[in-house]
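J.: model this:
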Amino acid sequence: MNSRTVRRVGLSIAVGTVLASVAACTSTGSSGGSGKDDKTVGKGTTRVSPIAALRSAEQSTDQADSAKVESSTVLGSLMSMDAKGNLGWSDGISGTLTMNYTGGSMADAMRAAGSTSMEARYLPDAYYAKMGEKFAAQAGGKHWIKYAYDDLAKLGGSSGAYLKDQMQNSTPNQSVKLLLASGDVKKVGTESVRGQQTTHYSGTVNVADLATKNSNLTASQLAGLKKQLTSAGVSTERVDIWINAKDLLVKKVEKGEMSSGEYSQTAYYSDYGVKVDATVPPASDTEDFMTLLKKQGVPGSADTATGSGTSS
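T.: As a prediction, this is how the structure comes out:
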């Protein structure tokens, strides 16, 4: 495995693990539709104000602190990925997810590294990705890669700063907040989702406004993010959520268009209040991503640390 491959795989993992958690807890994508596990009970739009119900759901979901999460993400030709695990959000995102890359260039990069499946652990200041034996044998013998959120912000420029902010501040009820803030929300009807009776709400949100309302970015970071979103062809996205009788989020679907293709993500939530376990891997078996780049002698790794050189 040459240095270019190490870098490409490492960056692919960085993007994938961030997308898995941020998508599960807020906004990024979906596999579309209401899903094969869902049975429509009520169809058509019901002209009933959903604001009070959504506010109750936003509060109940936020106070639950943790849940089991299953998600499927598609990001154009870049990747298709399934994730499953327990996540908590009482103090930023924490927990463990098992991710399977099922398609796209990320799956190809992971396959080159010896496995299309990996474990990710999320902690307050960083997340850790566990790689396969093939990668470890050719990248210093260590199985875990550490991605510090501060480094993530540097790697991605304004979008990296946004992802860092979301990783440290997001909760699943952000999707509910998005609909409340969008000014374009409707109650669709009642549906059964994995055996639970739920109420389905839908709306369209402006992605740039999403960042403004749901982040702590500076004005310059927001301006940079908006420019990047515009360049990528991202403008609006459709958000659908399903709320159960306990006012808890059961399912979320988000989808939109990019210049490179459709992005979408579906997430299911269950077992609210579940125990979340996320421990730091042994230091002896962990390599910092930025250190890994330097050890591999990657050309331009200093530039990578300042937010450029991320395309290879």
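J.: how about residue 271: what's its closest non-neighbour residue?
T.: In space, and not counting its chain neighbours, residue 271 is closest to residue 68: 4.3 Å by Cβ to Cβ, 6 or more residues apart in numbering. (Each C-beta comes from the backbone N, C-alpha and C, glycine too.)
J.: identify the residues contacting the one you found.
T.: By Cβ atoms under 8 Å, 6 or more residues apart in numbering, residue 68 lies in contact with 84, 85, 86, 269, 270, 271, 274.
J.: which among these end up buried?
T.: With neighbours counted by 16 or more other Cβ atoms under 10 Å, those contain buried members at 84, 85, 86, 269, 274.
J.: quick one, strands of this structure?
T.: With DSSP state E as the criterion, the chain has strands at 38-40, 66-75, 79-88, 94-103, 117-122, 126-130, 144-148, 185-193, 196-206, 236-244, 249-258, 261-270, 286-288.
J.: ok, and what's touching the third one?
T.: When you say that, I think you mean strand 79-88. Counting by Cβ under 8 Å, 6+ apart, 12, 15-16, 19-21, 24-25, 65-74, 93-107, 122, 271, 274-278 sit against strand 79-88.
J.: equivalent analysis for the last one, please.
T.: The set of residues external to strand 286-288 that reach it, using Cβ under 8 Å, 6+ apart, is 128, 139, 140, 142, 144, 145, 146, 148, 280, 295.
J.: at 7 Å instead, please
T.: Around strand 286-288, the neighbours that count as contacts under Cβ atoms under 7 Å, 6 or more residues apart in numbering are 128, 140, 142, 144, 145, 146.
J.: isn't the fourth one up against residue 127?
T.: No - using Cβ atoms under 7 Å as the test, residue 144 is too far from residue 127 to be in contact (10.3 Å).
J.: so what pLDDT did residue 306 get?
T.: As predicted, residue 306 sits at a pLDDT of 32.
J.: low-scoring stretches of the protein, by residue?
T.: 1-49, 155-163, 165-170, 181, 207-218, 221-234, 260, 296-312 (pLDDT under 70).
J.: between the buried ones among the contacts of residue 68, which sits nearest residue 253?
T.: Closest approach to residue 253 among these (Cβ to Cβ): residue 269, at 12.3 Å.
J.: and the closest one, what does it touch?
T.: Contacts of residue 269 (Cβ under 7 Å, 6+ apart): 67, 69, 172, 249, 250.
J.: from the residues you listed, which two are the most distant?
T.: Using Cβ to Cβ, the contacts of residue 269 span at most 11.5 Å, a distance reached by 69 and 250.
J.: got the buried residues for stretch 279-288?
T.: 281, 287, 288.
J.: now stretch 120-140: buried residues?
T.: In stretch 120-140, counting by 16+ other Cβ under 10 Å, buried: 120-123, 126-131, 135-136, 139.
J.: tell me the one of those nearest residue 52?
T.: Distances from residue 52 to the buried residues of stretch 120-140, taken by Cβ to Cβ, are shortest for residue 122, at 32.9 Å.
J.: pretty sure residue 273 contacts residue 66?
T.: Yes - taking contacts as Cβ under 7 Å, residue 273 lies within contact range of residue 66: 6.1 Å.
J.: higher neighbour count, these two?
T.: residue 66 (20 against 11; other Cβ atoms under 10 Å).
J.: nearest residue to the more buried one in space, please, no chain neighbours.
T.: Using Cβ to Cβ, 6+ apart and skipping the chain neighbours, the partner closest in space to residue 66 is residue 88 (3.9 Å).
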